[in-house]
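Enquirer: pasting the sequence and the predicted model now:
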Amino acid sequence: MRPDDRSYSSTHEWVRLDGDTAVIGITDFAVEQLGELVFLDLPEPGGRVQRGEAFGEVESVKAVSDLNSPVDGEILEVNAALTEDLGPLQNDPFESGWLLRVKVAGPDALAGLADAAAYEKLVEAEG
């Protein structure tokens, strides 16, 4: 079971809310589907993300995939260390492999996202 302290998008990103700050990453399922990761492109802090729109991309030996934001907001921080070493993203996507910290734009930031149980069903359907 995936961590139940966060919400999940249908494009396999997760978001954990801490006050008005959202920590965003990709799920273990996404990493597993991609295979060996070789490149990560992340935006600069200070920019904005919009729910459902790409903010970067991750490349594996199999494919290039967009990273889509599950929330609207301002980028406070990126996990820049991942651009040099993809190991934490590959091996620990729910903790040390986080991608962005975003100041969310409103109190309904997580509306429409799946909880862990609903995400499990999505993964089962896709698997």
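Expert: Received it, and whenever you're ready, just let me know what you need.
Enquirer: now do the strands in the protein.
Expert: 7-8, 13-18, 21-26, 37-41, 48-49, 54-60, 64-68, 73-78, 100-104 (DSSP state E).
Enquirer: out of these, flag the one nearest residue 93.
Expert: The closest of the strands of the chain to residue 93 is strand 21-26. By C-beta to C-beta, the value is 5.6 Å. The C-beta positions use only the backbone N, C-alpha and C, and glycine is treated the same way.
Enquirer: what packs against that closest one?
Expert: Here strand 21-26 touches strand 13-18, strand 100-104, going by 3 or more C-beta pairs under 8 Å, 6 or more residues apart in numbering; DSSP states H and E.
Enquirer: want to throw those into CSV with distance to residue 46?
Expert: Listed next are those as CSV, based on distance: least, C-beta to C-beta, whole Å:
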stretch, distance to residue 46
strand 13-18, 19
strand 100-104, 11
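Enquirer: highest mean neighbour count out of those strands?
Expert: Mean neighbours per residue, mean count of other C-beta atoms under 10 Å, is largest over the helices and strands packed on strand 21-26 for strand 100-104, with a mean of 22.
Enquirer: what's the angle between that one and strand 21-26?
Expert: Angle, strand 100-104 to strand 21-26, by axes from the mean of the first three to the mean of the last three C-alpha atoms, to 10 degrees: 140 degrees.
Enquirer: name every strand pairing with strand 100-104 and say which way it goes.
Expert: strand 21-26 (antiparallel), strand 73-78 (antiparallel) (DSSP bridges).
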